[in-house]
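Asker: take a look and give me a structure for this.
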Amino acid sequence: MTAPEATAPAPAAPNSVTAAARGGWWGVAGSATNAVFAFVFVGLITRALGAQGAGAVFTGVALFTILGNTCKLGADTGLVRFVSRDIAVGGGRSVGGLLRVALVPAVVASTAAALPLLLCPALATMLLPHLPPADAVTLVRLFGLFLPVATVGLVLLGANQGHGTVVPFVGVEQIGKPVLRVLIAVPVAVCAPGLLPLAAAWLLPALAGTAAAWLALRRCRAVRGTAHPAVRAAVPWRAFWSFAAPRAISSVFDISAVWVGVILLSALATGAEAGVYTAIGRVVTAGTLLQLAVRLAVAPQISRLLAVEQIAEARHLHRVSTCWIVLFSWPLFVLVAAFPRTVLSVFGPEFVRGAPALVVLCLASMVNVAVGNAQTVLLMSGRSSWHLAVTAAAFTVQLTVGLLAVPRWGVVGAAASWGAAIVVENLSAALLIRSRLGFTTVDRGYTTALGTGLAVSVVLTAVRSLEGDTTSGLAAGMTLGMCVFGTTLWWYRRPLGVSELVGVLRRRAA
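Answerer: As a prediction, the model looks like this:
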């Protein structure tokens with residue numbers, strides 16, 4: 001049902017904005033940690049194994065990630081929406097039943113998906129034709145062993161988000177796992193730098209992550225009083241899976257968009273190009289981590305507001321959060337696009353050839369952040385079928401372009417296919433929430449945030465033309481860009497919503 005129109009002007013919405021900002025600060029801290037340690041881990045892999053070996057490891061990571069996100073069947077997003085709504089409207093009486101409804105199918109699906117990885121050697125040799133057959137089979141089996149437990153952990157983290165806290169997700173996915181991977185990989189890279197030991201270093205933290213997610217959920221339920229409610233309500237299992245089933249399919253498209261390029265390059269080009277593309281993807285993903293941080297905080301808030309029919313407040317929250325995303329993400333993508341060779345040289349000299357592909361994905365990602373969390377609005381308003389249509393169209397574009405372009409242009413072709421999918425998916429979602437739900441993004445704060453990004457772009461373009469794509473040019477660009485960014489932030493702090501962010505930070509410090 002389409003959200004009703006507001007009958008009054010949008011309120012200041014201090015409660016929802018403050019809650020989102022508080023969660024956003026946690027997300028920013030986690031995003032920064034994730035970006036740093038993910039870079040370090042990828043650097044360790046590429047330095048220890050080279051582009052060819054890194055491509056093999058990250059092909060396994062791509063397969064594992066796609067299957068894990070497929071086998072959770074959309075249950076994590078379903079729990080974010082239904083747990084938050086149940087707590088807001090019904091006092092959390094259905095939470096226990098919702099957990100059972102979500103977890104059992106996910107466990108069955110992930111176990112079934114792991115069996116072909118464990119029992120079909122032909123699958124491994126097809127995915128990794130550049131490796132000796134024995135190594136390929138062992139590597140794929142290793143990923144299969146960890147698939148069910150990792151999938152359960154993702155679903156449990158969705159339940160934690162439904163309780164209104166992003167701390168477990170940040171602690172597990174953005175801090176715990178990346179840090180543990182580096183701590184395990186460092187001695188492995190020094191003492192036994194092989195494919196299997198380094199793949200195990202990436203996989204082992206999944207066990208600790210699932211255990212931590214379960215303990216955090218028990219604590220959330222105890223604090224909220226939902227562990228043993230006095231009165232249990234009927235579980236809306238039909239409504240839950242009516243929402244989760246389309247999300248299950250769209251999540252396959254979402255995660256496949258990130259990793260399918262690695263698989264296409266490994267199968268249709270070379271393992272070395274798959275390794276270069278993985279490094280590029282890591283850079284681009286790091287640039288969108290702030291958007292993810294805001295999404296984690298905003299999603300349950302929008303679901304709660306729509307559940308109690310505070311439509312104007314939900315729209316205000318979307319506009320403010322989009323302004324924050326554009327303000328802090330656009331300058332970062334402009335910086336990377338201006339100095340792509342210098343950024344990629346961190347991974348090694350053979351990765352510099354991916355600079356054109358990195359520029360393509362930076363431009364597409366600027367479109368992504370420009371529409372904010374439009375897809376989150378679709379999901380939290382219950383339009384999972386709309387979201388499925390959007391992601392299906394985008395993935396069709398990506399796969400079609402990829403199959404045509406990867407054999408001819410390699411890494412650049414894979415980047416072009418992903419970039420086209422990003423643009424199609426995000427613009428479609430933005431048009432839907434505007435025309436059907438009345439969620440707009442453009443106001444004075446949004447245009448000011450775009451202006452800030454353009455001002456930083458002018459400075460970086462000037463520095464690039466004078467210094468070139470060099471380390472000194474990157475340092476000069478960062479320094480001057482931060483000066484322009486900080487000055488603009490100060491002069492336009494009110495329309496940009498910085499006052500609300502600072503207010504949350506001060507209260508946390510007090």
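Asker: just the C-alpha atoms of stretch 317-326, please, in PDB.
Answerer: Written as PDB, here are the backbone C-alpha positions of stretch 317-326 (Å, rounded to 0.1, in the frame of the first residue of the first chain):
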ATOM      1  CA  LEU A 317      15.000  11.500   7.800                       C
ATOM      2  CA  HIS A 318      15.600  10.200   4.300                       C
ATOM      3  CA  ARG A 319      16.500  13.800   3.100                       C
ATOM      4  CA  VAL A 320      18.900  14.500   6.000                       C
ATOM      5  CA  SER A 321      20.600  11.100   5.700                       C
ATOM      6  CA  THR A 322      21.100  11.500   1.900                       C
ATOM      7  CA  CYS A 323      22.600  14.900   2.500                       C
ATOM      8  CA  TRP A 324      25.200  13.400   4.900                       C
ATOM      9  CA  ILE A 325      26.000  10.600   2.400                       C
ATOM     10  CA  VAL A 326      26.600  13.000  -0.500                       C
END
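Asker: I'd guessed Val61 sits against Trp202; true?
Answerer: Yes: with contact defined as Cβ atoms under 8 Å, Val61 counts as touching Trp202 (6.3 Å). C-beta coordinates here come from the backbone N, C-alpha and C atoms, glycine included.
Asker: which one of these two has more residues nearby?
Answerer: Trp202 (23 against 18; other Cβ atoms under 10 Å).
Asker: okay, the more buried one: pLDDT?
Answerer: pLDDT for Trp202: 91.
Asker: spatially, which residue comes closest to it, not counting chain neighbours?
Answerer: Arg181 (5.5 Å; Cβ to Cβ, 6 or more residues apart in numbering).
Asker: residues touching that neighbour, list them.
Answerer: 37, 41, 201-202, 205 (Cβ atoms under 8 Å, 6 or more residues apart in numbering).
Asker: let's see it at 10 Å
Answerer: Residues near Arg181 by Cβ atoms under 10 Å, 6 or more residues apart in numbering: 37-38, 40-41, 44-45, 198, 201-206.
Asker: that one: what secondary structure?
Answerer: helix (DSSP: H, G, I helix; E, B strand; the rest coil).
Asker: now it: how far from Ala286?
Answerer: 15 Å (Cβ to Cβ, to the nearest Å).
Asker: try Val57
Answerer: For Val57 relative to Ala286 (Cβ to Cβ), the value is 19 Å.
Asker: higher neighbour count, these two?
Answerer: Set side by side, Val57 and Ala286 show more neighbours around Val57, with 27 against 18, by other Cβ under 10 Å.
Asker: surely the more buried one and Ala136 touch.
Answerer: No: the criterion here is Cβ atoms under 10 Å, and Val57 misses it with Ala136 at 11.6 Å.
Asker: joint contacts of the two?
Answerer: 128, 195.
Asker: buried stuff in the helix or strand that contains Ala389?
Answerer: Using DSSP states H and E, Ala389 falls within helix 384-409. Neighbour counts over helix 384-409 (16 or more other Cβ atoms under 10 Å) mark 384-392, 394-395, 397-399, 401-402, 405-406, 409 as buried.
Asker: also stretch 474-487?
Answerer: 474, 476-477, 481, 484-485.
Asker: quick one: mean pLDDT over that stretch.
Answerer: 88.
Asker: for it, which outside residues touch it?
Answerer: Outside stretch 474-487, the residues touching it (Cβ under 10 Å, 6+ apart) are 327-328, 330-332, 334-336, 338-339, 341-343, 345, 452-453, 455-464, 466-468, 470, 489.
Asker: let's see 7 Å
Answerer: Contact with stretch 474-487 is made by 331, 335, 338-339, 342, 452, 455-456, 459-460, 463-464, 467, as judged by Cβ atoms under 7 Å, 6 or more residues apart in numbering.
Asker: element containing the residue nearest to the spatial centre of the chain, please.
Answerer: The centroid of the chain falls nearest to Leu292 when counting by Cα atoms, centre = their mean (5.3 Å). Here Leu292, judged by DSSP H and E, is contained in helix 289-307.
Asker: name the next helix or strand downstream of the host helix or strand of Phe82, please.
Answerer: Assigned by DSSP H and E, Phe82 falls within helix 75-90. Following helix 75-90 in sequence order, the next helix or strand is helix 95-119 (DSSP H and E).
Asker: and that next one, what does it pack against?
Answerer: helix 14-71, helix 75-90, helix 133-162, helix 237-268 (3 or more Cβ pairs under 7 Å, 6 or more residues apart in numbering; DSSP states H and E).
Asker: which of the ones you listed is buried the deepest?
Answerer: With neighbours taken as mean count of other Cβ atoms under 10 Å, the helices and strands packed on helix 95-119 reach their highest mean count in helix 75-90, at a mean of 24.
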